[in-house]
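> 3D, please:
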Amino acid sequence: MPLLPTVAIIGRPNTGKSTLFNRLVGKRLAIESEVAGTTRDHVSHLLETKTVDFLLLDTGGMGGGTDDKSFEQDVHRQSLLALENADLILFTINSREELTKGDHTIFDLLRRNRRRHVPVILVPTKCDNPETLEDKLVEYLALGISDVVIPVSAPHAIGTEELVDAIVKELKKLHFKKQEKAKASDPPKVAVIGKPNVGKSSLINAFMSDPQRKISPMLVSDIPGTTRDAVDTTIRFEEREYLFIDTAGIRRRTKVEEGVEHYAVLRSIQALEQCDVALLVLDATAPVSHQDQRLAALAMESGKGLILLLNKIDTLKSEERAAKIAELELSLSFCRFAPLLPCSATTRDGLLKVFPLIAQVQQNRLRRIPTSELHRWFTDAVYGQPLKVLSKTKHLTQADEVPPTFVLFVKNPRDIRPSELRFLENRLRSMFDFTGTPVRWITKSGVGNRD
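Here you go, the predicted structure:
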């Protein structure tokens with residue numbers, strides 16, 4: 001599968017990284033604040049252009065500038081991992097200030113840590129009038145990091161189109177191409193995600209037939225981060241093919257101790273943008289962690305199908321299994337739509353059930369309900385319920401999008417409460433099979449057009 005290029009925005013705190021990110025993606029996903037160090041984690045979004053698609057990654061500030069030094073070090077490590085594994089780097093500089101010690105620290109990190117072929121675009125931010133930068137351009141170019149400088153003012157959309165054009169130009173130089181749209185007949189693309197050392201590679205090995213495993217086994221070890229790069233594996237089951245994406249890769253062994261969990265999240269983000277269904281592998285011998293919850297949330301937010309695999313179930317007794325499943329259902333209650341499959345890569349218990357589940361979830365992601373049938377269901381669902389605004393909905397239809405997305409036309413969308421949408425989703429799932437797929441709702445004012 002062609003690799004989806006990653007474009008990382010880096011810079012010291014409060015140089016406008018998150019504001020730039022939000023402007024480029026057209027949504028307020030990253031937190032914007034005048035308080036240095038507000039962005040604590042990576043935020044990502046897929047950007048599509050006519051010739052190249054890419055994953056845009058916002059990062060926390062590097063080079064100091066906050067009062068919380070322990071937090072600052074953690075953010076710095078995350079950003080350094082993004083820097084080391086990006087295919088293109090946008091380096092933001094506050095054009096209203098002179099270059100600081102923090103800026104020069106990042107210059108040095110770029111020289112030492114980025115891969116040699118990875119281009120850098122210098123992005124002076126907060127530049128409402130690019131003509132005022134003429135004197136500083138000489139200083140920026142003299143740094144020797146890049147000869148591509150694109151001044152921007154994200155709040156006023158100045159220079160942002162030029163920046164996207166420059167990104168596309170650089171990615172095309174690296175021979176990245178737009179990925180072809182998936183066809184219904186294509187094998188489902190399955191991302192195997194999870195914390196380090198939960199058995200992702202062991203599971204892929206177990207999915208393979210004995211002849212295939214002898215030819216191309218996944219590297220397995222008790223050391224977290226053993227798998228160096230993501231590997232795509234095609235597995236055939238009952239005359240159907242499934243493309244598995246292993247996300248375990250760590251490029252540098254020196255980063256195993258400090259950065260393996262952050263890197264696991266970064267690789268999962270990249271794989272999720274390319275897959276149809278995510279298999280979140282959980283360790284039956286360990287408590288549900290914040291990272292497990294975060295990965296499940298990432299899959300939901302990306303609109304991917306989701307299946308929970310509870311690996312190493314063979315190590316638990318029957319009463320322990322029941323307690324573990326109850327713990328999972330409580331800790332991951334926000335994704336109850338995802339089927340949970342206890343399994344074992346060692347004994348292969350439960351593994352044959354994975355393939356029918358993947359096929360079912362993929363079918364549900366692509367499910368379309370005729371508008372007339374939706375109207376009949378909606379009338380029955382809201383009848384006799386205390387739903388003031390929803391009960392007056394004039395039109396309901398399913399958008400031509402994946403995952404299943406439903407559009408409600410109401411008088412005032414702001415009057416609809418989240419609890420009402422949750423009620424609708426529960427009723428929808430009880431009537432139609434949307435096992436394993438998130439469901440999205442869009443509220444619009446007006447009547448809409450009936451099919």
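> tell me the helices in the stretch 201-350 of the chain, going along the chain?
210-215, 256-272, 290-301, 318-331 (DSSP state H, counting those that start in this stretch).
> Can you flag the weakest of the ones you listed by average pLDDT?
Among the helices of the stretch 201-350 of the chain, helix 210-215 carries the lowest mean pLDDT, a mean of 52.
> any low-confidence regions in the stretch 101-250 of the chain?
For the stretch 101-250 of the chain, the stretches with pLDDT under 70 are 181-184, 209-231, 246-250.
> K126 contacts N14, doesn't it?
No - K126 is beyond contact range of N14, at 9.9 Å (criterion: Cβ atoms under 8 Å). (Glycine included, C-beta is placed from N, CA and C.)
> is it fair to say L3 lies in a strand?
No - going by DSSP: H, G, I helix; E, B strand; the rest coil, the assignment for L3 is coil, not a strand.
> what's in contact with the helix or strand that contains Y140?
Using DSSP states H and E, the element containing Y140 is helix 134-142. Helix 134-142 is touched from outside by I93, S95, L99, L122, P124, D147, V149, with contacts defined as Cβ atoms under 8 Å, 6 or more residues apart in numbering.
> Name the residues contacting each of K126 and N14.
What both K126 and N14 touch, as defined by Cβ under 8 Å, 6+ apart, is the set N94.
> In the chain, mark out all the strands, start to finish.
6-10, 43-48, 53-58, 88-94, 120-125, 189-194, 231-237, 240-246, 277-283, 305-311, 340-342, 395-398, 405-410, 440-445 (DSSP state E).
> to the chain's geometric centre, what's the distance from the second one?
So the one you mean is strand 43-48. 8 Å (Cα atoms, centre = their mean, to the nearest Å).
> Setting the sequence-adjacent residues aside, check what's closest to the residue nearest in space to the middle of the chain.
With distances taken as Cα atoms, centre = their mean, the residue of the chain nearest its centroid is I269 (3.7 Å). Excluding the flanking residues, the one nearest I269 by Cβ to Cβ, 6 or more residues apart in numbering is S44, at 4.9 Å.
> Check L55 too.
T6 (4.8 Å).
> confidence score at that neighbour?
Residue-level pLDDT assigned to T6 equals 89.
> next one: S33
40.
> One more: R336?
Per-residue pLDDT puts R336 at 93.
> next one: A30
52.
> now swap in S430 and tell me
Value listed for S430 in the pLDDT field: 94.
> Quick one: neighbours of it, just the number.
10 (other Cβ atoms under 10 Å).
> what separates it from T51, distance-wise?
Distance of S430 to T51, given as Cβ to Cβ, to the nearest Å: 44 Å.
> Repeat that for R96.
To T51, R96 is 34 Å away according to Cβ to Cβ.
> With V192 instead?
30 Å.
> Which residues are in contact with the nearest residue to P404 once chain neighbours are set aside?
In this structure, P404 finds its nearest non-sequential neighbour in V439, 5.3 Å apart by Cβ to Cβ, 6+ apart. Listed by Cβ under 8 Å, 6+ apart, the contact partners of V439 are F337, P403, P404, T405, F406, E425, L428, R429.
> Buried ones from those residues, can you make that a ChimeraX selection?
Filtering the contacts of V439 down to the buried ones (16 or more other Cβ atoms under 10 Å) takes a single ChimeraX command:
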select :337,403,404,405,406,425,428
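> Which one of the contacts of V439 is nearest to P356?
The shortest approach to P356 among the contacts of V439 belongs to F337, at 17.1 Å (Cβ to Cβ).
> So the closest one versus F434, what's the distance?
For F337, the distance to F434 (Cβ to Cβ) stands at 7 Å.
> can you check E425 too?
Here the criterion is Cβ to Cβ. By it, E425 lies 9 Å from F434.
> Kindly report the same for N311.
Going from N311 to F434 by Cβ to Cβ gives 25 Å.
> Looking at the two, which is more packed in?
N311 (27 against 21).
> who's in contact with the closest residue to the more buried one other than its chain neighbours?
Here the nearest residue to N311 in space, its sequence neighbours aside, is G199; by Cβ to Cβ, 6+ apart that works out to 4.4 Å. Neighbouring residues of G199 by Cβ under 8 Å, 6+ apart: V281, D283, N311, K312, A345.
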